[in-house]
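**Student:** Below is the sequence, then the predicted model.
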Amino acid sequence: MYGEDDDAFDAAVREFLAGGVARGERLLCVGERVIESLDGGIAPLGDTDALIADGALSTLTLAEAYEATGTFTPEAQFAFYDEATRTAIADGYRGLRVVADVGGLAVDPGTRDVLIRWEHLADEYMAQGSGMSAMCTYHRGIPQAALAAATSVHPLVHAPEAPPPFQVFFDDDRVALVGSVDTFGADRLARVLASSPVSGDRAVLDLGRLEFVDVAGSRVIAHWAQDLDRRSLPLEVRGASPLLRRMWQVLGLGDVAAVRFAA
Amino acid sequence: MTAVLQEPVPGFEHEALFYRSDEDFLDGLLPFVREGLEQDETVVAALPRNRLELLRDALGDDASAVDLRDMAEVGRNPAAIIAVWDRLLREQTAAGRRLRGVGEPAFVGRREAEFAECRLHELLLNTAFDGGPSWRLLCPYDEVHLPRAVVRGALHTHPLAGTTAGRRTSPDYSPGEVAELFGAELPRPTDAVLRGIYGAADVPATRRTVAQYARTIGLPEEKVEVLALAASELATNSVRHGGGTGTVAMWATPGAAIVEFSDSGQVDDPLTGRRMPTLEQEGGRGVYLVNQLCDLVQLRSADRGTTIRVTTWR
């Protein structure tokens, strides 16, 4: 989520994209606000014009991306991204990394439900190791109901009919984990955390609204801390419950990587 | 490094000490503790509080050299005790020191279900430490005040047994009883039981159901959360390793809330959940965590299936 003129948003987008460049992925930016992020500054992404000239980065306005083929349907979206991912891999890239501003679709009641269905589909597609990864952005200004509905699929659920067990929000300089994480969602959490944009000199994970986490979920957090540590980024965990901290100690997770627990 | 030992101890020496009075207790214990200190060993004594005080007073200035722990805490759940000794042994072995322990898990005043777990625990100590680094563990038993079956049981679980009059090998020592005790059925509940079946999609529902039950019978929120976590881990084990489904049973007695998980899988290693898993080891953490967090955990497994009974005192 982002607000007006949010430097943190620009930084998060560029960070996410730079991760794709480092992995040899083709980049695709969808939506005007996302495209603007590319103008704000270069680091750590490198020369965006050169990337565009090389075919390593392309941009689409929302209209171009979602409306060009007529109505917005999950099937059309799927076909579009599947084709784009396959082309990227055929062109020698390791995959396709997408940043899409979909907030406008969430506002429109006509497209909101379709958007949610599409995002379920997209998540399954990404989870299957298709080579595509994506960060979807929502503007803070959109109505709460629309936001709740749309964000409930981030990072998405197992079955479309079930309530989402957990959600991850990338917000300013922190990552917030909300809901319940158990063994069956642990792999998904690992993927979301691995692709979460972290910049600056440390990472912050906010667990203040986490209702439940089991051993597998705790280990995912510890291993994320380990990955961050290898990038010299210390992890600060905020709002952890006394039980999580006890579990951390009992399982010796502090030996995986040092984590600073804060209120 | 420590001085060369005059009389090297071969392997793990696990000895029961039967005492009939406070004086008897000290007569048996003090020479054992003092010998350890003289040989520059790390001496750890886990005893019920009244025994700790007795030993501390008798040791005088030497008390500060002994690591004294409250057995009612470290051994609240007997299935959590082996992890304590295991950790101490690894630490001391790594530091080049020998470990000497005193442990009284079966102390006067414990409940029947706890004594049953103490017996299995005492027997599994041999399984866990035989063949490993050399160390000694002395286990005091109050011959006068403990139930007779508990005292007799100690002769079955300790290869060595002694009184202040001397020590000898125990003729009743029966390491083979592990399979029998670990495979035994737990006593059936006599109170009304709520029962439910769970499958792969029901782990969150199982967790919430157990939490709701725990709240309904008035457990404090902290214990409710622990039970929800235990439910999640144990139901997950059934789904992953226990045939895909399981049964949860819940009942209350005047003194306890019991939540029990059963499935058709079989746990081959009776030490499952009793030692801290290594950092990269896959699995084995759920039962370990439950052992560490809950009041009493009873794991039983045979070819008919596996049952884990979690008791919370109230």
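**Tutor:** Good, I have the coordinates.
**Student:** mean confidence score for stretch A:256-263?
**Tutor:** The predicted model assigns stretch A:256-263 a mean pLDDT of 93.
**Student:** now swap in stretch A:65-75 and tell me
**Tutor:** Within the predicted structure, the mean pLDDT of stretch A:65-75 is 64.
**Student:** and the longest helix along chain B, which residues are buried?
**Tutor:** If you go by DSSP state H, chain B has its longest helix at helix B:221-241. Going by neighbour count (16 or more other CB atoms under 10 Å in any protein chain shown), the buried part of helix B:221-241 is B:223-240. Placement of C-beta: from N, CA and C, glycine included.
**Student:** residues in chain A within reach of chain B, list them.
**Tutor:** Within chain A, the positions lying close to chain B (CB under 8 Å from any CB of the partner chain) are A:165, A:180, A:182-184, A:212, A:214-216, A:219, A:241-243, A:246-247, A:250-252, A:255-256.
**Student:** quick one: low-confidence parts of chain B?
**Tutor:** Scanning chain B for pLDDT under 70 picks out B:1-9.
**Student:** picking that back up, what subset of the buried residues of helix B:221-241 is also close to chain A?
**Tutor:** B:Glu225, B:Val226, B:Ala228, B:Leu229, B:Ser232, B:Glu233, B:Thr236, B:Arg240.
**Student:** What residues does B:Ile217 make contact with?
**Tutor:** By CB atoms under 8 Å, 6 or more residues apart in numbering or on different chains, B:Ile217 lies in contact with B:Ala252, B:Ala257, B:Arg314.
**Student:** and the second one, what element?
**Tutor:** Think B:Ala257. strand B:256-263 (DSSP states H and E).
**Student:** Next, the angle from that strand to helix B:221-241.
**Tutor:** Angle, strand B:256-263 to helix B:221-241, by axes from the mean of the first three to the mean of the last three CA atoms, to 10 degrees: 10 degrees.
**Student:** Could the C-alpha coordinates of strand B:256-263 be exported in PDB?
**Tutor:** Listed next in PDB are the C-alpha coordinates belonging to strand B:256-263 (Å, rounded to 0.1, in the frame of the first residue of the first chain):
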ATOM      1  CA  ALA B 256      -7.200 -31.200  35.000                       C
ATOM      2  CA  ALA B 257      -8.200 -30.500  31.400                       C
ATOM      3  CA  ILE B 258      -7.200 -33.300  29.000                       C
ATOM      4  CA  VAL B 259      -6.800 -33.000  25.300                       C
ATOM      5  CA  GLU B 260      -5.800 -36.200  23.400                       C
ATOM      6  CA  PHE B 261      -4.800 -36.800  19.800                       C
ATOM      7  CA  SER B 262      -4.900 -40.200  18.200                       C
ATOM      8  CA  ASP B 263      -4.200 -41.500  14.700                       C
END
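**Student:** and the next element down the chain from it?
**Tutor:** helix B:285-293.
**Student:** Packing partners of the host helix or strand of A:Ala225?
**Tutor:** Per DSSP H and E, A:Ala225 falls inside helix A:215-230. Under the contact criterion of 3 or more CB pairs under 8 Å, 6 or more residues apart in numbering or on different chains; DSSP states H and E, helix A:215-230 touches strand A:174-181, helix A:183-194, strand A:203-206, strand A:235-238, helix A:242-250, strand A:259-262, helix B:285-293.
**Student:** for those, which one ends up most surrounded?
**Tutor:** Highest mean neighbour count of these: helix B:285-293, a mean of 23 (counted as mean count of other CB atoms under 10 Å in any protein chain shown).
**Student:** Closest to B:Ser174 out of the ones next to chain A among the buried residues of helix B:221-241?
**Tutor:** Nearest to B:Ser174 out of these is B:Glu233 (CB to CB; 32.2 Å).
**Student:** Show me what counts as buried in the helix holding A:Ala225.
**Tutor:** A:215-229.
**Student:** Ok, stretch B:66-75 next?
**Tutor:** B:Val66, B:Leu68, B:Arg69, B:Met71, B:Ala72, B:Val74, B:Gly75.
**Student:** With stretch B:208-217 instead?
**Tutor:** Buried-residue list, stretch B:208-217, by 16+ other CB under 10 Å: B:Arg208, B:Thr209, B:Val210, B:Ala211, B:Tyr213, B:Ala214.
**Student:** try stretch B:261-279
**Tutor:** So, applying 16+ other CB under 10 Å, buried residues of stretch B:261-279: B:261-263, B:265, B:267, B:270-277.
**Student:** Mind listing residues that contact stretch A:220-232?
**Tutor:** A:181, A:186, A:189-190, A:193-194, A:198, A:203, A:205, A:213, A:234-235, A:237, A:248, A:253, A:256-259.
**Student:** can you rerun that using 7 Å?
**Tutor:** Stretch A:220-232 has contacts (CB atoms under 7 Å, 6 or more residues apart in numbering or on different chains) with A:186, A:189-190, A:193-194, A:198, A:203, A:205, A:235, A:253, A:256-257, A:259.
**Student:** Can you tell me which of those has the lowest confidence score?
**Tutor:** Among these, A:Val198 has the lowest pLDDT, at 82.
**Student:** Number of residues surrounding the residue lying closest to that residue once chain neighbours are set aside?
**Tutor:** Closest residue in space to A:Val198, ignoring its immediate chain neighbours: A:Leu233 at 6.1 Å, by CB to CB, 6 or more residues apart in numbering or on different chains. Counted with other CB atoms under 10 Å in any protein chain shown, residues neighbouring A:Leu233 total 15.
**Student:** Spit out the contact partners of A:Ser133.
**Tutor:** Going by CB under 7 Å, 6+ apart, the list of residues near A:Ser133 reads A:Gly95, A:Arg97, A:Met126, A:Ser195.
**Student:** Show me the one in these that has more neighbours than the rest.
**Tutor:** Counting by other CB under 10 Å, top hit in the contacts of A:Ser133: A:Arg97 with 27 neighbours.
**Student:** Now do the same for that one: helix, strand or coil?
**Tutor:** strand (DSSP: H, G, I helix; E, B strand; the rest coil).
**Student:** Show me what it is bridged to.
**Tutor:** Beta-bridge partners for A:Arg97, by DSSP bridges, are A:Leu27, A:Ser133.
**Student:** didn't it look like it was pressed against A:Gly20?
**Tutor:** Yes - counting by CB atoms under 7 Å, A:Arg97 sits close enough to A:Gly20 to count as a contact (3.4 Å).
**Student:** which one among the buried residues of stretch B:66-75 gets closest to chain A?
**Tutor:** B:Val74 (13.1 Å; CB to the nearest CB).
**Student:** orientation of the strand holding B:Ala257 relative to helix B:285-293 in degrees?
**Tutor:** Using the same axes, to 10 degrees: strand B:256-263 against helix B:285-293 is 170 degrees.
**Student:** List the strands paired with strand B:256-263, with their directions.
**Tutor:** Short version: by DSSP bridges, strand B:256-263 pairs with strand B:246-253 (antiparallel), strand B:305-313 (antiparallel).
**Student:** How about stretch B:301-314, which residues are buried there?
**Tutor:** B:Ser301, B:Gly305, B:Thr306, B:Thr307, B:Ile308, B:Arg309, B:Val310, B:Thr311, B:Thr312, B:Arg314.
**Student:** With stretch B:241-250 instead?
**Tutor:** B:Gly242, B:Gly246, B:Thr247, B:Val248, B:Ala249, B:Met250.
**Student:** Around B:Leu146, count how many other residues there are.
**Tutor:** Counted with other CB under 10 Å, B:Leu146 comes out at 20.
**Student:** And the nearest residue to it once chain neighbours are set aside, how far from chain A?
**Tutor:** For B:Leu146, ignoring the flanking residues on the chain, the nearest one in space by CB to CB, 6+ apart is B:Val108 at 6.0 Å. Distance, B:Val108 to chain A, using CB to the nearest CB, to the nearest Å: 29 Å.
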